[in-house]
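[1] how would this look folded up:
(one chain, ligands or ions: 1)
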Amino acid sequence: MMYDFLPFNTAIISGLFTPLPPEKVPDDTLGYWAVLQGTSLLVPVGLEQALLPVGSLPEGLVPETEPLKIGLWQGHPLRAVRIASDTILSMQYEALPFQGPDARLDNTLATIAGRAAQIMHWERRSRFCSHCGCELTRIPASWGKKCQSCGDEHFPHIHPCIIVLVRRGDDLLLIRNAAWNVGRFSLVAGFLDFGESLEECVQREVREEAGIEVANIRYVGSQCWPFPSQQMIGFLADYAHGEIKPDGIEVVEAGWFHSDALPLSPGGKRSISRWIIDTFGISGEPVNPVR
Ligand SMILES: [Zn+2]
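    Residues are numbered from 1 along each chain as shown. You can find the predicted model right below:
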């Protein structure tokens, strides 16, 4: 299915990457490095297609975290590590944003960088038990953690989030979040709330952000979104009734845009937002949900 090939989903790196918990990755050999600085990946300069550093950790870097083995990259251990955002890089390396459109960083490297970021985020946030405050230790052969004091088990926090393209004929509903620059629009999206089905979440988010009602909600695909740890669940919906009225707080603009005259690049190049618009938002395109 097409959405299997969205960046950050595992299919992108199948054949290149074998996910493994740290204790299952061999210890005694050198391998590759996923060095993250914020949401950028450190790569050697001057290559048309970037590569992961190989061998020892590039000289002069002071890691903020212990190197963490997250699997095998092309059959060799892959270690993830984070460096401080104010680290000045040597002339041999540069940091490329892995959410951004830089073509030197292909989707496979963006995806492995995202995986490393998501795992390191979990590691940083799972040091102590949220129930009793004592230290957690890893459950063997998994990313889960167990509290040695109260016995609670904790597993990676991945937050479900709907994202929906609402169509009215050839017009698409786009919104501008209050935090975004003027002129930047995207699809309605939001976190799942207690007690909701995904479809109910779609209805509520569209109602809250744009003031309208939708019908005929159907699933089209999903994407891991490691910024820091969301699962984006994509839908199409048809306009049902109501007048557009943004809430004025979270959403400051909302409107119908003809599919031939969309604002510049709604959603980033690597996002499911972009894919949904490209796949289902084109004028005259039939509605063909993936399943
Ligand atoms: Zn505990």
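[2] From here on, just use CA atoms for contacts and neighbour counts.
    OK.
[3] and the stretch 101-250 of the chain, which residues reach the ion?
    Cys129, Cys132, Cys147, Cys150 (C-alpha under 5 Å from the ion).
[4] could you pull out the helices for the stretch 101-250 of the chain?
    Per DSSP state H, counting those that start in this stretch, the stretch 101-250 of the chain carries helices over the ranges 107-125, 198-210.
[5] Can you convert the ones you listed into CSV and add a column each for mean pLDDT?
    Below are the helices of the stretch 101-250 of the chain laid out as CSV (pLDDT from 0 to 100):
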stretch, mean pLDDT
helix 107-125, 97
helix 198-210, 97
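[6] quick revisit: okay if I get the residues of the stretch 101-250 of the chain next to the ion as TSV plus distance to Leu109?
    Formatted as TSV, those follow (distance: C-alpha to C-alpha, whole Å):
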residue	distance to Leu109
Cys129	33
Cys132	38
Cys147	34
Cys150	39
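[7] out of the helices of the stretch 101-250 of the chain, nearest to Tyr219?
    Across the helices of the stretch 101-250 of the chain, Tyr219 has its closest neighbour in helix 198-210 (8.8 Å, C-alpha to C-alpha).
[8] sorry, back to before: what remains of the residues of the stretch 101-250 of the chain next to the ion if I keep only buried residues?
    Among those, those classed as buried by 16 or more other C-alpha atoms under 10 Å are Cys129, Cys147.
[9] Return the member of the residues of the stretch 101-250 of the chain next to the ion nearest to Gly183.
    Cys129 (43.0 Å).
[10] Name the nearest residue to the residue of the chain most remote from its centre, sequence neighbours excluded.
    Using C-alpha atoms, centre = their mean, the residue of the chain lying farthest from its centre is Ser149. It sits 33.4 Å away. Leaving aside its sequence neighbours, Ser149 sits nearest to Cys134 (C-alpha to C-alpha, 6 or more residues apart in numbering; 6.4 Å).
[11] Where in this protein is the helix or strand with the lowest mean pLDDT?
    The weakest-scoring helix or strand in the chain, judged by mean pLDDT, DSSP states H and E, is helix 272-280 (a mean of 90).
[12] Return the distance of that helix from the chain's centre.
    15 Å (C-alpha atoms, centre = their mean, to the nearest Å).
[13] go on, stretch 39-59?
    21 Å.
[14] can you list the residues that contact it?
    30-36, 91-99, 103-106, 109, 113, 117 (C-alpha atoms under 8 Å, 6 or more residues apart in numbering).
[15] Which entries within those residues meet the buried criterion?
    Applying 16+ other C-alpha under 10 Å to those flags 31-36, 93-99, 105, 109, 113, 117 as buried.
[16] Could you list the low-pLDDT ranges of the protein?
    Residue ranges of the chain with pLDDT under 70: 1-4, 264-267, 283-291.
[17] The residue of the stretch 151-291 of the chain found nearest the ion - how many residues pack around it?
    Closest approach between the stretch 151-291 of the chain and the ion, counting by C-alpha to the ion: Asp152, at 5.4 Å. Other residues near Asp152 number 14, with proximity taken as other C-alpha atoms under 10 Å.
[18] for it, what are its contacts?
    Taking C-alpha under 8 Å, 6+ apart, one finds Cys129, His131, Lys146 in contact with Asp152.
[19] Please tell me how far it sits from Gly281.
    Asp152 is 46 Å from Gly281, where distance means C-alpha to C-alpha, to the nearest Å.
[20] Same check on Arg207?
    For Arg207 relative to Gly281 (C-alpha to C-alpha), the value is 20 Å.
[21] now Leu51: how far from Thr111?
    Taking C-alpha to C-alpha, one finds Leu51 at 13 Å from Thr111.
[22] More neighbours: which of these two?
    For Leu51 and Thr111, the more surrounded residue by other C-alpha under 10 Å is Thr111, and the numbers stand at 26 against 18.
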